[in-house]
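Asks: Provided below for reference: sequence and predicted model.
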Amino acid sequence: MTARNYREYLAENRLPTIWCPGCGNGIVLKAVAGAFADLGLDRRKTAAVSGIGCWGWADDYLAVNAFHGTHGRALAFATGIKLANPELTVVVLMGDGDGATIGGNHLIHAARRNVDLTAVVVNNYNYGMTGGQYSGTTPRGSITSTSPLGHVEDPFDLCALAAAAGASFVARGSVCGGENLRDLIRRGLEHRGFSFVEAASVCPTHFGRKNGRRTPAEAFRWLRDHSVSRERAAGLSEEELRGKQILGFFADRQSEDYGTRYRKAAEHFRGEGESS
Ligand code: SF4
């Protein structure tokens, strides 16, 4: 495949986006378009599937096939699309509320089945679109519109969850490093099987503002200061790592994907049927 310009994959006639100034979504959108461009994907054979939430608008800004599903169900729709059209490259665009809280059950089963999809989950630690409620990744102690006294639950580590559920490719990047994120998404797209890429991000309007970070710059600074690479993390104590998230790879292994197994089973059955 020949590398192309990322702008070929953007629906520029729909820009500017509806996202708030300083939101991390634009950086992830560029990383997704960049990864498509690096691989020179055929736009007619590429599909973006989204759910509901601020990041769920992303498929509107991509010049590829798109399916906008219901809240938390993007992976279920994407599974059907991929099984019926195995020649398509299918990327699933979800937020932490959509993809890992309301849609948590679909996430663990898509990972367990190893469906050949690339999930790009933007984690901004709250439900941004609906007013800043806490999600399954909101850090303990954080203020949100549904935890005004401080959140009492512990958050999911999304990468640990996806890897434990069986995802064969798992990585985390951050909107503080857009080019690195592009590289992770490209590698996820190249991977055969379920690939899960978490993009740690910022929601300055809700999560940032409610937690004392009054500007997008302060929200980005917080994200940068609370992230550490796997290499650096290896030399830090448990105490030093408390409250920090680790960036890098958490799984990268080969395992036959669900669609291939399913088609083999169907062929086997048909073959037996013919011979009997
Ligand atoms: S509410 Fe938050 S996540 Fe949604 S567009 Fe605004 S800053 Fe981004």
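Replies: The structure has been received and is ready for your questions.
Asks: going forward, measure contacts between C-alpha atoms and count neighbours the same way
Replies: OK.
Asks: can you spell out which residues form a bridge with V197?
Replies: V120, A171 (DSSP bridges).
Asks: and the stretch 1-150 of the chain, which residues reach the ligand?
Replies: Residues of the stretch 1-150 of the chain lying close to the ligand (Cα under 6 Å from any ligand atom) are W19, C20, C23, C54, G128, M129.
Asks: take the residues you listed and keep only those in strands.
Replies: Among these, DSSP state E puts none in strands.
Asks: select only the buried ones of those in PyMOL?
Replies: This is how PyMOL selects the buried members of those, with burial counted by 16 or more other Cα atoms under 10 Å:
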select buried, resi 19+23+54+128+129
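Asks: possible to save the residues of the stretch 1-150 of the chain next to the ligand as JSON lines with pLDDT?
Replies: Output for these, formatted as JSON lines (pLDDT from 0 to 100):
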{"residue": "W19", "pLDDT": "98"}
{"residue": "C20", "pLDDT": "97"}
{"residue": "C23", "pLDDT": "98"}
{"residue": "C54", "pLDDT": "96"}
{"residue": "G128", "pLDDT": "95"}
{"residue": "M129", "pLDDT": "93"}
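Asks: the residues of the stretch 1-150 of the chain next to the ligand: which two are farthest apart?
Replies: Within those, C23 and M129 form the most distant pair, 11.7 Å apart (Cα to Cα).
Asks: I'd say G40 and Y6 touch.
Replies: No: with contact defined as Cα atoms under 8 Å, G40 does not reach Y6; the gap is 9.2 Å.
Asks: could you pull out the strands for the chain?
Replies: Using DSSP E, strands in the chain cover 46-50, 65-68, 89-95, 118-123, 169-174, 195-200, 227-229, 245-252.
Asks: got the angle for the fifth one vs strand 195-200?
Replies: Right, the one you point to is strand 169-174. 20 degrees (axes from the mean of the first three to the mean of the last three Cα atoms, to 10 degrees).
Asks: export strand 169-174 to CSV, keeping only CA atoms.
Replies: Only the C-alpha atoms of strand 169-174 are listed here, as CSV (Å, rounded to 0.1, in the frame of the first residue of the first chain):
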residue,chain,number,x,y,z
PHE,A,169,-3.2,-6.3,20.8
VAL,A,170,-3.5,-3.7,23.6
ALA,A,171,-1.8,-0.3,23.8
ARG,A,172,-2.2,3.1,25.5
GLY,A,173,-1.2,6.4,24.1
SER,A,174,-2.1,10.0,25.1
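Asks: who does it touch, helix- and strand-wise?
Replies: helix 158-165, helix 178-190, strand 195-200, strand 245-252 (3 or more Cα pairs under 8 Å, 6 or more residues apart in numbering; DSSP states H and E).
Asks: just so I know, which of those lies nearest T137?
Replies: helix 158-165 (7.7 Å).
Asks: can you list contacts of the closest one?
Replies: 100, 107-109, 111-112, 137, 169-172, 196, 198, 250-251 (Cα atoms under 8 Å, 6 or more residues apart in numbering).
Asks: report the contact partners of the nearest residue to H226 once chain neighbours are set aside.
Replies: Of all residues not flanking H226 in the chain, K244 sits nearest, at 4.7 Å (Cα to Cα, 6 or more residues apart in numbering). Contacts were defined as Cα under 8 Å, 6+ apart; by that measure K244 touches H226, S227, V228.
Asks: equivalent analysis for V115, please.
Replies: T79, G193, F194, D257, Y258, G259.
Asks: just give me the neighbour total for the first one.
Replies: In other words, T79. 21 (other Cα atoms under 10 Å).
Asks: OK, contacts around Y9?
Replies: Contacts of Y9 (Cα under 8 Å, 6+ apart): A33, F36, A37, R43, L62, A63, V64.
Asks: what subset of the residues you listed is buried?
Replies: Judged by 16+ other Cα under 10 Å, buried ones among the contacts of Y9: A33, F36, A37, R43, L62, A63, V64.
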